[in-house]
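Asks: Got a sequence here, can you build the structure:
(one chain, ligands or ions: 1)
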Amino acid sequence: MSRKPVLDQSVCIGCETCTRICPEVFHMVSEHLAGIHDPHGASEEKIEEAMDNCPVACINWDD
Ligand code: SF4
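Replies: Numbers count the residues shown, from 1 in each chain. Predicted coordinates:
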């Protein structure tokens, strides 16, 4: 099983970067908050690109 991303919603600022890079995994749950709707919806590489571009680094691997 591939690794699973987790998103700390207490830190997310709702910039929409992760949802633009990887909409298969991330979506906006409200105007200022992102969430994960399918943790295995994209390759680890693509998820990691979203992680690397999150301005507050609130997406991490659950390991
Ligand atoms: Fe939130 Fe980070 Fe996604 Fe921006 S990139 S919406 S701060 S989780």
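
Asks: Quick check: residues of this structure near the ligand?
Replies: Neighbours of the ligand within the chain, by C-beta under 6 Å from any ligand atom: 7, 12-18, 34, 54-56, 58-59. (Each C-beta comes from the backbone N, C-alpha and C, glycine too.)

Asks: ok, now with 8 Å
Replies: Along the chain, the residues adjacent to the ligand under the rule C-beta under 8 Å from any ligand atom are 7-8, 11-19, 21, 26, 28, 33-34, 50, 53-59.

Asks: Out of the residues you listed, which sit inside helices?
Replies: Among the residues of the chain next to the ligand, DSSP state H puts 17, 18, 19, 21, 50, 53 in helices.

Asks: Any figure for the gap between the last one and residue 26?
Replies: Taking C-beta to C-beta, to the nearest Å as the measure, residue 53 falls 11 Å from residue 26.

Asks: can I assume residue 28 is in contact with residue 14?
Replies: Yes. With the criterion set as C-beta atoms under 8 Å, residue 28 and residue 14 qualify as a contacting pair; they are 7.1 Å apart.

Asks: Identify the contacts common to these two.
Replies: residue 34 (C-beta atoms under 8 Å, 6 or more residues apart in numbering).

Asks: Which residue ranges of the chain form strands?
Replies: Taking DSSP state E, the strands of the chain run over residues 5-7, 26-30, 33-36, 59-61.
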